[in-house]
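Asker: This is a predicted model, with the sequence first.
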Amino acid sequence: MADVWPPRKWARRSDLMLFEALTLQLGYNATLVTMGAMLLGIAAGATGTFLFLGKRALVSDAISHATLPGVALAFMVMVLFGGDGRSLPGLLIGSAITSAIGLLCVSALTHRTRLSEDAAIGAVLSVFFGFGIVLLTVVQSMNAGRQAGLESFLLGSTAGMLWNDAVVIALGGTLVLLAVLLLRRPMTIVAFDPEFAAGAGMNVRRTELAMMGLAMAITVVGLKIVGLILIVALLIIPAVAARFWSHRVGHVVLLAGAFGGLSGYVGAALSATAPALPTGPIIVLVAFAIFLLSLLVAPARGILAALIRHRRFQAQVHIRQGLLALATGQPIYEPLTIRLMRRRGLVRADGVATETGQAQAARALLDEHRWQVLRSDPAHEEAAAHYDWLTPLDTVLTPDQLRALDDALGPRAAT
Amino acid sequence: MTGSEFVPLSLPPLVIGICAAIACAVPGNFLLLRKQALIGDAISHVVLPGIVLAFLVTGVVSAWPMMIGAGVAALVCVGLIETIRRLGRIEPGAAMGVVFTAMFAGGVLLLEQSDTSSVHLDVEHALFGNLESLIWLDATGWHSLLDPAALAGMPPELWRMLITLLAVLAMTMVFWRPLKLSTFDEGFARTIGLPVNLIGLGLVIAAAIAAVAAFDAVGSIIVIAMFICPPAAARMMTNSLEAQVLWSVAFAVLSAVLGYVLAGYGPLWLGFENAVSAAGMIATVSGVILAIAAAFGPFRTRHGVPAEI
């Protein structure tokens, strides 16, 4: 056997590796992991959206931590009955059972006691996780448990993933996606307005449990790839990122699925290019990068868009005030106002109005006078509600109404 | 069991466990009442990137740089959560979920990328701690507690945890009234001129200090459990804040002692050979206490609000 593995002649430039990873040319195992992670990401993004919209994103944290005792218990039971103990479906069933118990505990603590949901989540996640660790130390002291490697479920481990494991993950992801598709209407209504849903005769409790059940399914399916500590990220981050781009539930769900799938795909491919790039954390960091990008540049609610809106509003206010000052012959001292008006060719460097400036100033003053008349007349109450010192009145009233207003203005309308 | 066996092997971990439990439970009461219980969860996750960064910067595994690193990470985390919540106008829970998972993932990645194979620094250690290993080899019996030479060999975690506990208790007592006021009636506290935001930040910093010191000794999992379970159980027992804090301290001590004893001796009683994780057992016991309190506590229901919605 050679000293170095892989042999040095195989060494390639890493960008080439990345390209190959992204086009699924890095071999059987990497392809398996990448496809599995993508499916998982799509399903997780779509499911997580409903949790996020219902303001219950962190319930998934309790669910995911509550899987640990189940994994350990399932291992013990399988070994006790003479099995291998490491069979993935068995471990997943075990984790599903305890996470369901954890979920019911959260629900019971929230509904039956005075604790708020966040306290219930924290209590369940820490206690179940602690109990899981106790069981893990028991497993480690068992003869069969030394090589069990159950710790890999904490952070996920894709090394040596088998075809069967991939099938389990793909199947689980697809089933969850189908369920989301079927339940999207009731889940949307319950997420936004549980009281309306109850009033409309829907079973709110059951819909909520279905929502949580789907999150649980995602957690269980994702244990192998992402691990139980970080799987919450796949449920939360894509949904939060998608929310920046749209106000419509359908779009947010689709986008969250796309973001989740992209994170899974790119993250798994990236991690296949080098040994020290653990799959779960890389997937989460890719998702976080998508979130940051959305936070910055999304047109609906992003920071840049808000900044631009703010600057535009500021300019409008300054120019309006500047024009009114020009029209009434007052000097302008505010440097920003002068700069903005010069850029638009409304004043000269010494602050004297240009011809366009004079024309616009007269129009602004007329508009201001019209508003004054309008606001003093109770008949125009509805139109007066539009008054914000900025909106030109001719965008609010019809030409006929304007003419009537000008008659009331009398000689001042002529200026 | 004789003193010559108990003092070196069990006394230090027991004292450290009790101190860590109380230091987390006391600020936990206020976090619970302010509906910020999960801040403890977030902080204990981001401790990992903090200590890894501190290790990368200093190149050594030593307590103080790592505690500073973890403290800085906790503050960065809280700041980021607040920033993202305000800038993105998203609910605090989701903002928290975004920040602490991303920071934890960053910590794991840093750990994998850096050459830490030579030192004892791994994710599992960060999560579970290693309470059982904090033994006091210089002790020969109870009289060692009065022997300065032997005391010098006490695990340093014990002194750090003790100092942290005293600091947390002192801070709670000094700021008791403003804390209580701003927790129950923020609007009123603001009108009488209390710096409400500063008090909130101070509370989070106190929680972070407790979490970081406790994490160093006992691992994250106890930290989260002790922040939430004893105060939550205490809340079922009383309506008065003073009594609630005392109850929570009692529950915290009970969890630490019972958990440690059960982890160390429970398996032996059942006929097994190996002890189980003390950190995990302490968290489990605190959960059992909470479950009992939730089932039988005299003040378990919301008054005036039906139990079923």
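Answerer: Cool, got the structure.
Asker: Can you show me the helices along the stretch 1-150 of chain B?
Answerer: For the stretch 1-150 of chain B, the helices defined by DSSP state H, counting those that start in this stretch occupy B:3-9, B:11-33, B:38-58, B:63-88, B:92-113, B:123-128, B:148-151.
Asker: got a list of what A:Phe288 touches?
Answerer: If you count contacts by C-beta atoms under 8 Å, 6 or more residues apart in numbering or on different chains, A:Phe288 has them with A:233, A:237, B:98, B:101-102, B:105. Where you see a C-beta, it was placed from the backbone N, CA and C, and this is true even at glycine.
Asker: phi, psi of it?
Answerer: Recorded main-chain torsions at A:Phe288 are phi -70, psi -40, according to degrees, to the nearest 10.
Asker: who in the stretch 1-150 of chain B is up against chain A?
Answerer: Within the stretch 1-150 of chain B, the positions lying close to chain A (C-beta under 8 Å from any C-beta of the partner chain) are B:32, B:35-38, B:40-41, B:45, B:84, B:87-91, B:93-98, B:101-102, B:104-106, B:108-109, B:112-113, B:123-124, B:127-128.
Asker: could you flag which of those are buried?
Answerer: B:32, B:36-38, B:40-41, B:45, B:84, B:88, B:90-91, B:93-98, B:101-102, B:104-106, B:108-109, B:112, B:123, B:127-128 (16 or more other C-beta atoms under 10 Å in any protein chain shown).
Asker: low pLDDT regions in chain B?
Answerer: Filtered on pLDDT under 70, chain B yields the residue ranges B:1-3, B:115-122, B:125, B:303-309.
Asker: Any idea how many residues pack against A:Glu381?
Answerer: 10 (other C-beta atoms under 10 Å in any protein chain shown).
Asker: what about it, distance to chain B?
Answerer: Remark: distance between A:Glu381 and chain B (C-beta to the nearest C-beta, to the nearest Å) = 32 Å.
Asker: Can you read off the pLDDT for that residue?
Answerer: Turning to A:Glu381, the model gives it a pLDDT of 79.
Asker: In the chain, which residue is most central in space?
Answerer: You didn't pick a chain, so chain A it is. Among the residues of chain A, the smallest C-alpha distance to the mean C-alpha position (C-alpha atoms, centre = their mean) belongs to A:Val240, namely 1.3 Å.
Asker: should've been chain B
Answerer: Using C-alpha atoms, centre = their mean, the most central residue of chain B is B:Val223, at 2.8 Å.
Asker: Which strands and helices lie in contact with the longest helix anywhere in chain A?
Answerer: With secondary structure taken from DSSP state H, chain A has its longest helix at helix A:163-192. Helix A:163-192 sits against helix A:28-53, helix A:88-112, helix A:194-199, helix A:204-222, helix A:249-271, with contacts defined as 3 or more C-beta pairs under 8 Å, 6 or more residues apart in numbering or on different chains; DSSP states H and E.
Asker: just the ones you listed: most buried one?
Answerer: Among those, helix A:28-53 has the highest mean neighbour count (mean count of other C-beta atoms under 10 Å in any protein chain shown), at a mean of 26.
Asker: How about that helix and chain B, any contact?
Answerer: Yes. Counting by C-beta under 8 Å from any C-beta, chain B is contacted by helix A:28-53 at A:Phe52.
Asker: Run the angle between that helix and helix B:92-113 for me.
Answerer: Using axes from the mean of the first three to the mean of the last three C-alpha atoms, to 10 degrees, the direction of helix A:28-53 lies 160 degrees away from that of helix B:92-113.
Asker: Would you reformat the helices and strands packed on helix A:163-192 as JSON lines and include mean pLDDT and distance to B:Leu181?
Answerer: Shown next, in JSON lines, are these (pLDDT from 0 to 100; distance: least, C-beta to C-beta, whole Å):
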{"stretch": "helix A:28-53", "mean pLDDT": "90", "distance to B:Leu181": "34"}
{"stretch": "helix A:88-112", "mean pLDDT": "91", "distance to B:Leu181": "27"}
{"stretch": "helix A:194-199", "mean pLDDT": "90", "distance to B:Leu181": "33"}
{"stretch": "helix A:204-222", "mean pLDDT": "89", "distance to B:Leu181": "36"}
{"stretch": "helix A:249-271", "mean pLDDT": "93", "distance to B:Leu181": "40"}
